[in-house]
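A.B. asks: Okay, sequence plus prediction incoming.
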Amino acid sequence: TRCSEDAAQGRLPAPRLAHSARRNVMVHPSATIGKGCVVGPAVVIGPNCRVAEGVRLESCTLLEGAAVASHAIIRESVLGLGSSIGRWCFVNGSVLGEAVEVCEALLLNGATVLPQKQLERNIRSPEIVI
């Protein structure tokens, strides 16, 4: 919508209706959060982040420009600058570097991913992706 485009460019506060925030949540005004999302506890969403509908965020940090596609679950993780998570992904206890792209429907459990990587496979146990 026009309002979301303006918010992404920092002209208006982002609309934050139709989602649930639970304890200790910080959201930058330029971030957008979709309908039906559950955010918190202990979540930080940085500038220009995009969170699609139905996403669950818990104990995580999204750095500037990070994007989470619909129905993903992110727990106890850090998403680096400009990183993106595909639809239906489950990310747990992971740290993603700058501009990391995670394809749809993947599991990341304890992954540490260096910048500029594209993940196309599940990571079921702790692993460093170089």
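C.D. replies: Structure's in. What do you need? Just so it is clear, the model here is predicted, and its values are computed rather than measured.

A.B. asks: Check the spacing between the residue most central in space within the chain and residue 88 real quick.
C.D. replies: Nearest residue to the geometric centre of the chain (C-alpha atoms, centre = their mean): residue 68, 4.1 Å. Separation of residue 68 from residue 88 (C-beta to C-beta, to the nearest Å): 11 Å. Where C-beta positions appear, they are placed from N, C-alpha and C, glycine not excepted.

A.B. asks: following the helix-or-strand element of the chain with minimal mean pLDDT, which helix or strand comes up?
C.D. replies: None of the helices or strands of the chain scores lower by mean pLDDT, DSSP states H and E than helix 2-8, at a mean of 42. Next along the chain after helix 2-8, taking DSSP states H and E as the criterion, comes strand 20-21.

A.B. asks: Direction included, what does that next one pair against?
C.D. replies: The pairing partners recorded for strand 20-21 under DSSP bridges are strand 38-39 (parallel).

A.B. asks: Could you list the residues in contact with the partner strand?
C.D. replies: Contact with strand 38-39 is made by 19-22, 25, 27, 33, 45, 51, 55-58, as judged by C-beta atoms under 8 Å, 6 or more residues apart in numbering.

A.B. asks: Closest one to residue 119 out of those, please.
C.D. replies: For those, the residue nearest residue 119 by C-beta to C-beta is residue 55; the value is 18.0 Å.
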